[in-house]
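> generate a structure from the sequence data that follows.
(one chain, ligands or ions: 1)
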Amino acid sequence: MASSSSSSCSVVTPSTPLVSFLEQLQETALQTFGDSNFDPKTYVDLPLKFTLSETHQAFQNLPRLSSNGTVSAEVLKGFINRYFKGAGDDLVCWQPHDFVAEPEGFLTKVKHPEVRAWALKVHSLWRNLSRKVSREVEKNPQLHTLLPLPNPVVIPGSRFREVYYWDSYWVIRGLLVSKMHKTATAIVMNLVSLIEKYGFVLNGARQYYTNRSQPPLLSSMLYEIYRSTGDIELVKRCLPALLKEHAFWNSDIHRVTIVDAQGHSHNLNRYQAMWNKPRPESSTMDKKSASKFLNISEKQHFYCDIASAAESGWDFSTRWMRVPPDYSTLATTSVIPVDLNAYLLGMEINIAFFAKAIGDETTVKHFMELSDARKKAINSVFWSPSKKQWLDYWLNSGTCEVAHVWEAKHQNKNVFASNFVPLWMEPFYSDGSLVGNVVHALKTSGLIRAAGIATSLTDSGQQWDFPNGWAPLQHMLAEGLVKSGSKEARLLAEEIAIKWIRSNYVSYKKTGVMHEKLDVEKCGEYGGGGEYAPQTGFGWSNGVVLAFLEEFGWPQDRSIDC
Ligand SMILES: OC[C@H]1O[C@H](O[C@H]2O[C@H](CO)[C@@H](O)[C@H](O)[C@H]2O)[C@H](O)[C@@H](O)[C@@H]1O
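Numbers count the residues shown, from 1 in each chain. Predicted coordinates for the structure are as follows:
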């Protein structure tokens, strides 16, 4: 069965000759080196030393083995050394000017000496993760898939050697705890520069990420910085870009109309990449996964659904599969996701807030109306009165309906941490009776495990599923609970934060590094699954540990061990 969706996936961003060539190199490298320890992303990150045509010519002239037409390992290694710099060599290490080893007023509520020493270590990791795009990229952009950016960046770490959109939100939350307001502001300005150039914030700052975005949290980054600096000039500078980003997310490809049980129409949004080919950074894998589809349009749909899952940040998860855990039934563009619509509600509320701050009443009125409408849509389409949480909504497959008629059976009854993300948004966390119900639903959901909140209840082998726990999910849910002002909700948030901090601490002590994701079944163990080896560094994990320690502190007499 082809992955089908109600969308045509017909909007496609053109690829560049450089990316297409590097994909060819990636394919050859897989044939030559084999798939053990093979990371396809390495090859599309290689900066060229000479022009593309010289490099291409030399590649075509490589001697092939007469037995099977491939290139020998020795020849290919020699070619790569001669014609390419190393992956990541086009970023230079950078020492942020606003970093100090122990900032004044840093984590005053952390009294436990070991935890405090570790928190200072985590704080110091900003120096390891800070980079500047090298001048070379600006001078010769045609030799690099890395995109030039005006300011220094903070990267997630390891294979993620460029800036990422939604990761940046939790990096900024950590930087604010570290009193690094300038670095935080520089990150926002980089993302604004991407909107000015491409019309939206890219998944990451690479040529091969220009076909999709990621969960839209730029307005929330700006909101947090403004709350801590009061920098109104920054707000004025960023607001036009936010309006442009809002238009991007509400354009035809992302917008879906649902007619609810009472006959009211609601506009909601979905993820949809502007792409119908293998993702260049994982091209060899995507081609293999799509090989079961014989028909070209089925393949194109499948590729679009893969790239759209990457746009969701949840790449990959049973959330996007019509028949979980069968990866070939991925149909991301047929899902209206709860979390995306919660983020867009946040964006609309934030834009109204910024417009108010600068005295633009017309924009305030327009965005208040939009946020009211979205709140109603979230209640009508996603809310489940019996499960007391918000459920993703499946669109009918293979239809071209302009408006979809809501049916209860299309709500995805499976439990995901994303079902609770609306609680992170003011209209929901400030509703006292709703909060009580949602807290009860979360407590009994099965998601809260020994070492944090699980992503889902399905162990599919995909990284955005059980038993993995991800820093952003712990943070959004815990912060929503705290903001509700309910005592019971705060206690639950604190329980989640304590488990998460302990597990991060113990895994750090065992391995000497911070991890991208953790196994919530086993305190102190990092996570796994998915298409690449577990990564370390790690931007959002560091940010969430610092944000949790700032909110909850750590008393001297509380054990930090698992
Ligand atoms: O190379 C495979 C995929 O990797 C990225 O996704 C994962 O890492 C990101 C950076 O930490 C994170 O934002 C995302 O949530 C992770 O799933 C990348 O974003 C994908 O586009 C890419 O295909």
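
> the residue of the chain found nearest the ligand: neighbour count?
Nearest residue of the chain to the ligand, counting by C-beta to the nearest ligand atom: A310, 3.5 Å away. Yep, even glycine has a C-beta here, placed from its N, CA and C like the rest. The burial count assigned to A310 is 24, neighbours taken as other C-beta atoms under 10 Å.

> let me know the next secondary structure element after the helix or strand that contains it.
In this structure, A310 sits in helix 296-312 according to DSSP states H and E. Tracing the chain C-terminally past helix 296-312 and defining elements by DSSP H and E, one meets strand 335-336 next.

> for the next helix or strand after that next one, name the packing helices and strands.
Using DSSP H and E, the helix or strand that follows strand 335-336 towards the C-terminus is helix 338-357. With contacts taken as 3 or more C-beta pairs under 8 Å, 6 or more residues apart in numbering; DSSP states H and E, helix 338-357 sits against helix 218-229, helix 232-249, strand 265-269, helix 361-377, helix 426-429.

> buried residues in helix 338-357?
338-355 (16 or more other C-beta atoms under 10 Å).

> and for stretch 256-267?
Neighbour count says stretch 256-267 has V256, I258, V259, H266 buried, by 16+ other C-beta under 10 Å.

> repeat that for stretch 441-453.
A441, L442, S445, L447, I448, R449, A451, G452, I453.

> got the residues of the stretch 251-400 of the chain near the ligand?
Within the stretch 251-400 of the chain, the positions near the ligand by C-beta under 6 Å from any ligand atom are R279, E281, S282, A310, G313, D315.

> neighbour-wise, which of these leads?
E281 (28 neighbours).

> can you count the residues close to the nearest residue to that residue once chain neighbours are set aside?
Spatial nearest neighbour of E281, excluding adjacent residues (C-beta to C-beta, 6 or more residues apart in numbering): K41 at 4.4 Å. Neighbour count of K41, defined by other C-beta under 10 Å: 20.

> what of V364?
Neighbours of V364 using other C-beta under 10 Å come to 18.

> the chain against the ligand: which residues are in contact?
Residues of the chain lying near the ligand (C-beta under 6 Å from any ligand atom): 41, 156, 160, 164, 166-167, 203-204, 279, 281-282, 310, 313, 315, 532.

> before we move on, the earlier item: let me have the residues of the stretch 251-400 of the chain next to the ligand in JSON lines, extended by pLDDT.
Listed next are these as JSON lines, based on pLDDT from 0 to 100:
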{"residue": "R279", "pLDDT": "98"}
{"residue": "E281", "pLDDT": "98"}
{"residue": "S282", "pLDDT": "98"}
{"residue": "A310", "pLDDT": "98"}
{"residue": "G313", "pLDDT": "98"}
{"residue": "D315", "pLDDT": "98"}
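
> residue contacts, the nearest residue to P113 once chain neighbours are set aside?
In space, and not counting its chain neighbours, P113 is closest to Q556: 7.6 Å by C-beta to C-beta, 6+ apart. Counting by C-beta atoms under 8 Å, 6 or more residues apart in numbering, Q556 makes contact with K111, H112, P113.

> can you pull the contacts of the first one?
Same thing as K111. Contacts of K111 by C-beta under 8 Å, 6+ apart are G553, W554, P555, Q556.

> show me what the mean pLDDT comes to for the top helix by length along the chain.
Counting residues, the longest helix in the chain under DSSP state H turns out to be helix 487-511. The pLDDT scores in helix 487-511 average 98.

> spell out which helix or strand contains the residue of the chain most remote from its centre, please.
Centroid-distance maximum for the chain: S66 at 44.4 Å, with C-alpha atoms, centre = their mean. For S66, there is no enclosing helix or strand under DSSP H and E.

> now the phi/psi pair for it, please.
phi -70, psi -30 (degrees, to the nearest 10).

> same check, this time on N203
Main-chain torsions, N203, degrees, to the nearest 10: phi -50, psi -40.

> what sits against it?
N203 touches Y164, Y165, Y209, R212, S213, Q214, A310, E311, counting by C-beta under 8 Å, 6+ apart.
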